[in-house]
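**Q** Dropping a prediction and its sequence here:
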Amino acid sequence: MNDTEYALRLLFKRFLISLPFFAVSILFFVPLSFPKSVWGLIPLTIPAFLLAEPLSLLVSNPFRSIFNPQSISREIHLNFSIPEARIMQGKYEEAFDLLSEMVPRDPQRLEVYLRIMNLAVKKMKQPEIAKDTFHTGITNLKDLKKRKILADEYRWLMSLAKDKHGIEQDE
C-alpha cells in the first residue's frame with residue numbers, strides 16, 4: 001500500500017469517527033447565541049486532531065520529507081560505493097560481479113543496469129555484456145519510462161562502441 005492510499009484510508013476511518021463530533025458542534029451552533037456558540041467550538045477540536053494527520057499526509061505526499069519527515073526514503077545507496085571503488089582501482093571484473101549481484105536483489109532498479117552497461121562499454125570494452133544487460137533489464141523492468149531510458153542509454157552506448165575514439169574517452 002502506497003502513502004497516498006494509506007492516507008486516504010486513514011482519512012476515511014477518522015472522518016467516520018469525527019461525524020458525531022461534527023453533529024454535536026452543529027447542535028451548539030444552531031441557537032447562535034454567544035455562550036452556546038462558543039461551546040460548539042469544543043467538539044470541533046476532536047475532529048481537528050483526528051483529521052490533521054491524514055490531511056497532512058495527503059498534502060505532503062508529493063513533497064515527501066519537507067512536511068512529513070517519517071516518509072524520508074530510507075534507501076541506502078552504499079551498495080554502489082564498493083563497485084565504484086573497484087572501477088577507480090581498475091578492477092573492472094570485480095566491479096562487474098558486484099553490480100551483477102545487485103540485479104536479482106532489486107530487478108526494478110534502473111541504475112544498476114545503466115551502471116553495468118556503462119562499465120561494459122566504456123571501461124571493459126565489451127559491448128556484448130551491455131547487450132545482455134540491456135535484454136535482462138528490458139525483461140525485468142515493468143515501468144515503461146525506465147524501459148525507455150534503458151533503451152536510449154543502450155542505443156547511445158552502442159553508437160559509442162562503434163566509434164573507437166568514443167570508447168576511450170571518459171565522461
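**A** Cool, got the structure. Numbers count the residues shown, from 1 in each chain.
**Q** any idea where the strands of this structure begin and end?
**A** For the chain, applying DSSP state E gives no strands.
**Q** That one: helices as residue ranges?
**A** Applying DSSP state H to the chain gives helices spanning 3-29, 34-39, 41-60, 81-88, 92-105, 110-118, 127-140, 144-162, 164-168.
**Q** what domains does the record give for this structure?
**A** Domain segmentation of the chain under automatic domain parsing yields 3-71, 78-168.
**Q** The longest one - what's its average pLDDT?
**A** The one in question is domain 78-168. What domain 78-168 shows for mean pLDDT is 89.
**Q** re the thing from before, quick one, which of the domains of the chain is packed in tightest?
**A** Among the domains of the chain, the stretch with the highest mean neighbour count (mean count of other CB atoms under 10 Å) is domain 78-168, at a mean of 16. Backbone N, C-alpha and C define where each C-beta goes, glycine included.
**Q** chain center to that one, what's the gap?
**A** Centroid separation between domain 78-168 and its chain, computed with CA atoms, centre = their mean, to the nearest Å, is 21 Å.
**Q** Repeat that for stretch 46-65.
**A** Counting by CA atoms, centre = their mean, stretch 46-65 comes out at 19 Å from the chain centroid.
**Q** can you dump the C-alpha coordinates of that stretch into CSV?
**A** The C-alpha trace of stretch 46-65 is given here as CSV (Å, rounded to 0.1, in the frame of the first residue of the first chain):
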residue,chain,number,x,y,z
ILE,A,46,-11.5,16.5,18.4
PRO,A,47,-12.1,16.1,14.6
ALA,A,48,-9.4,18.6,14.0
PHE,A,49,-6.9,16.4,15.8
LEU,A,50,-8.2,13.3,14.3
LEU,A,51,-8.1,14.6,10.7
ALA,A,52,-4.9,16.6,10.9
GLU,A,53,-2.5,13.6,10.3
PRO,A,54,-4.2,12.1,7.2
LEU,A,55,-4.7,15.5,5.7
SER,A,56,-1.1,16.5,6.2
LEU,A,57,0.0,13.1,4.7
LEU,A,58,-2.2,13.8,1.6
VAL,A,59,-0.9,17.4,1.2
SER,A,60,2.8,16.5,1.8
ASN,A,61,2.9,13.3,-0.2
PRO,A,62,4.2,15.0,-3.3
PHE,A,63,6.8,16.8,-1.3
ARG,A,64,7.8,13.9,1.0
SER,A,65,10.3,14.9,3.6
